[in-house]
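S.K.: I'd like to go over a predicted model; first the sequence, then the structure.
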Amino acid sequence: MNSIPAKKEIAFSGEIGGKIAEKIWDSIKSGLILVDSEGKILLWNSWIAQHSGIPAESALNHFLGSLFPDGLAASFKTALRNVLQHKLPIILSNALHRSPLPLYPLPVAHRKQDRMQQSIIITPIVTSEKKRLCLIQVTDATLSIKRERVLKSHSERLSKVAITDALTGAYNRRFFDERFTAEFGRAQRQNIPLSLIMLDVDFFKDYNDRYGHPAGDKALISVVTALKSQLHRPTDVVTRYGGEEFAIILPDSGSEGGQIVAEKLRAAVSGLNIPHGTSSVTDHLTISIGIVSYQPDTSCNATCFLEAADAALYRAKHDGRNCARHLVTPECGKPCPADTPQVDSPD
Amino acid sequence: MNSLSDLQLDALTEIFNIGAGRAASSLSEIVNDEVRLSVPRVQLYQSSEINADALSLDSPRLGAVKQSFSGPFNADAMLLFTEERAMKIVHDMMGSQVGIEDMAEYEQEAMCELGNIILNACLSSMADMLDLTLDSSLPVYSVGATDAVLRQIILETNQPLILVLHINLSIEKRHLQGYLVFLLSSSSLQKLLSHIDRFISGI
């Protein structure tokens, strides 16, 4: 203990004698360096010795700056000077400084290796003899960066789960409600077109009754896959609106675009040729589609727009199913959609 | 004592602008670019007057870096930034190594450092000019809804008066307004002012 004069600077009382203190700082899993006001090293714990490849014997009583052939980073030197001068603690974040000291992950092979990512805290220490010292604490930031990444990917996965329909993998109603409100608001503010598709699997209850619920589930999954295969813009996504009802928001799409997409969707599901013996339309599974397109400069609100989509879907069912029917947003301040349908016939 | 004399305000503004200059040069060294930092105004507020509107904080979330210091008088110094803009500044400071969406990984520590630089500079300038010694804790960063953060400050200080520094920070084309809030007890404020008066009479 006495062979290292530096350690006399630190006073310990009672049972925590110098020997124990030495064991403590050598057990700590972060780096500790104590320097005096000239930059002379008074403490160099095992962690620092291991990660710098410089043993304590070679470091103690030498100047920090002279230990490293490449010298110290300017920002590190400034920080050290500031702590000594102003006696205020300083943080050198990993984000802004990366690797100020030449420390390496174990085993230290030197040179070719990348430096360890570091977070550094420098605190002033004033001894009972009024000597100003600086304690430099170094922690390996690699771990905390990794931990943050893992947490971030977890939370991304969880937020994906929160907006996904477990059975079909389509987005769920919660997602639809949020996205629809946002997109409708955007269309109104920026006066741009917007189309909304509502579709329903024809005679799905009969399908379940005839083929059983597991088959019904499988059919819904196939329908979603078929719908997805027809949507190519990243903004156009399938959402499960409820039971066998699905909704697709088509931002920036006017009535013509909306009708083209609708017909493709209808054809794709029909093309699956999933046998449906109890359908009154045909011998396989089909869908009915309602489309509503937002006309800029109309006074339609979100609720009214949604009702118009329902009305168009109702019209498609009324007209014999396996077809698409289209509405253009009416001027609906008071009298709402159903009584002013402009029915087109895409078939 | 509900107000400061013009002379006292001038002296404080001068002291803190010297601190701001020091912080700017530290920041410039880190970002390798010119950083400008100034304290255009120092004001004493009634704590009941402190709200998002009074401080023109138009962001829903506020980041706060806090250091407690002690010496001839004790105070908590808090640097307040709207989170969104602070993140952009830190992002710029880091260069293009990280996308803004990945900033969360670094936010905590980087904001601590940014706050630490500015708080230390203001505190050390005050200590030098008033010829006193101040000790400080390490910075702690917290982020929360603007109103909640401000309410918490008022609640914690439980003091009628709060000293507020308006801070302008610009790095390259990016401008950031922040506030440095000193929370001191009335006796600590008295002591600070007597040091200020001594400083003024010594000029």
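M.R.: Good, I have the coordinates.
S.K.: and chain B, which residues reach chain A?
M.R.: B:26, B:29-30, B:90, B:93-94, B:98, B:104-106, B:109-110, B:112-113, B:116, B:120, B:123-124, B:127, B:133-139 (C-beta under 8 Å from any C-beta of the partner chain). Where C-beta positions appear, they are placed from N, C-alpha and C, glycine not excepted.
S.K.: could you redo the last one with a cut-off of 7 Å?
M.R.: Within chain B, the residues that sit near chain A (C-beta under 7 Å from any C-beta of the partner chain) are B:26, B:29-30, B:90, B:93-94, B:104-106, B:109-110, B:112-113, B:116, B:120, B:123-124, B:127, B:133, B:135-136, B:138-139.
S.K.: In strands only, show me those residues.
M.R.: B:135-136 (DSSP state E).
S.K.: Tell me the buried residues within the residues of chain B next to chain A.
M.R.: B:26, B:30, B:90, B:93-94, B:105-106, B:109-110, B:112-113, B:116, B:120, B:123-124, B:127, B:135-136, B:139 (16 or more other C-beta atoms under 10 Å in any protein chain shown).
S.K.: packing partners for the lowest-mean-pLDDT helix or strand in chain B?
M.R.: Least confident helix or strand, chain B: helix B:83-93 with a mean of 77, by mean pLDDT, DSSP states H and E. Helices and strands touching helix B:83-93, as assessed by 3 or more C-beta pairs under 7 Å, 6 or more residues apart in numbering or on different chains; DSSP states H and E, comprise strand B:61-70, helix B:104-130, strand B:161-171, strand B:174-183.
S.K.: just the angle between that helix and strand B:61-70, please?
M.R.: 80 degrees (axes from the mean of the first three to the mean of the last three C-alpha atoms, to 10 degrees).
S.K.: which stretches of the stretch 151-300 of chain A form strands?
M.R.: Remark: strands assigned in the stretch 151-300 of chain A by DSSP state E, counting those that start in this stretch are A:194-201, A:238-242, A:245-251, A:287-294.
S.K.: strands paired with the first one, and their directions?
M.R.: Sheet pairing here is set by DSSP bridges, and for strand A:194-201 it gives strand A:245-251 (antiparallel), strand A:287-294 (antiparallel).
S.K.: what's the closest non-adjacent residue to residue A:55?
M.R.: Of all residues not flanking residue A:55 in the chain, residue A:49 sits nearest, at 5.3 Å (C-beta to C-beta, 6 or more residues apart in numbering or on different chains).
S.K.: Go ahead and flag the most central residue of chain B.
M.R.: Residue closest to the average C-alpha location in chain B (C-alpha atoms, centre = their mean): residue B:180, at 2.4 Å.
S.K.: Looks like it contacts residue B:122 (just checking).
M.R.: Yes: using C-beta atoms under 7 Å, residue B:180 makes contact with residue B:122 at a distance of 6.3 Å.
S.K.: Residue numbers of chain A in contact with chain B?
M.R.: Checking chain A against chain B by C-beta under 7 Å from any C-beta, the hits are A:74-75, A:78, A:86-96, A:119, A:121, A:145, A:148-149, A:152.
S.K.: rewinding a little: and the least confident helix or strand of chain B, what's buried?
M.R.: Here helix B:83-93 shows B:83, B:85-93 as buried, counting by 16+ other C-beta under 10 Å.
S.K.: circling back: taking the residues of chain A next to chain B one by one, which sit in helices?
M.R.: A:74-75, A:78, A:86, A:94-96, A:145, A:148-149, A:152 (DSSP state H).
S.K.: Filter the residues you listed down to just the buried residues.
M.R.: A:78, A:86, A:94-96, A:145, A:148.
S.K.: Tell me the one of these nearest residue B:145?
M.R.: Comparing those against residue B:145 with C-beta to C-beta places residue A:148 closest, at 22.5 Å.
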